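>>> Sequence and predicted model, in that order:
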Amino acid sequence: MKKALFVCIENSCRSQMAEGFARKIGQGVLEAFSAGSKPSGQVNLRAIAFMKEKGIDIGAQESKALTDLPSINWDYIVTMGCGDACPSLPAKSRIDWNLPDPKNLSDDDFRQVRDEIEIRVKNLIEEISR
């Protein structure tokens with residue numbers, strides 16, 4: 001299986017949702033991890049609630065730092081638009097999705113970010129499966 005790391009600054013919203021989608025949609029294809037360059041220490045409660053609307057429970061996931069990850073060469077590192085704070089970890093492929101941090105957005109806009117992450121995770125898994 002390919003290993004993918006999803007990274008955002010706080011590892012509380014975008015990267016957590018991407019990990020949740022990847023674990024569910026990419027079973028048997030992709031091993032998903034997430035981390036933050038400056039982790040908040042908790043998964044955003046709205047991210048948990050809005051992912052439950054999609055049938056995915058990310059409530060047991062933890063906000064982690066890049067230093068908490070296994071020291072491996074990643075197949076994919078997907079950054080969420082974290083600018084200068086993006087990691088320089090070894091990876092075969094790097095992708096930047098440049099998505100807004102939804103934590104201060106309205107519920108509808110938060111859901112739009114979630115839905116865009118779902119689409120992009122599905123596309124990534126389709127690409128890997130080819």
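Here it is on my side, so go on. Numbering: from 1, shown residues only.
>>> Take the one helix or strand in the chain whose mean pLDDT sits lowest, keep the C-alpha atoms, and write them as CSV.
The weakest-scoring helix or strand in the chain, judged by mean pLDDT, DSSP states H and E, is strand 91-96 (a mean of 90). Extracted in CSV, the C-alpha atoms of strand 91-96 (Å, rounded to 0.1, in the frame of the first residue of the first chain):
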residue,chain,number,x,y,z
ALA,A,91,8.4,12.1,-0.5
LYS,A,92,8.1,10.6,-4.0
SER,A,93,5.3,13.0,-4.8
ARG,A,94,4.3,16.4,-3.4
ILE,A,95,0.9,18.0,-3.9
ASP,A,96,-0.5,21.3,-2.5
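>>> What lies in contact with that strand?
L5, N73, W74, D75, Y76, I77, V78, T79, M80, G81, C86, L124 (Cβ atoms under 8 Å, 6 or more residues apart in numbering). Every C-beta, even on glycine, is put in place using the N, C-alpha and C of the backbone.
>>> tell me which residues in that strand are buried?
The neighbour-count check on strand 91-96 (16 or more other Cβ atoms under 10 Å) flags A91, I95 as buried.
>>> give me every residue that touches the spatially closest residue to G28 that is not a sequence neighbour.
Nearest-residue entry for G28: M1, 7.1 Å, with adjacent residues in sequence omitted and distances by Cβ to Cβ, 6 or more residues apart in numbering. M1 is in contact with G28, V29, L30, E31, counting by Cβ under 8 Å, 6+ apart.
>>> Make sure I have this right: the first one is in a strand.
No: secondary structure assignment (DSSP: H, G, I helix; E, B strand; the rest coil) places G28 in coil, not in a strand.
>>> mind checking the SS state of V78?
strand.
>>> so which strand or helix has the most centrally placed residue in the chain?
In the chain, the residue lying closest to the centroid (Cα atoms, centre = their mean) is S15, at 2.4 Å. Using DSSP states H and E, S15 sits within helix 14-25.
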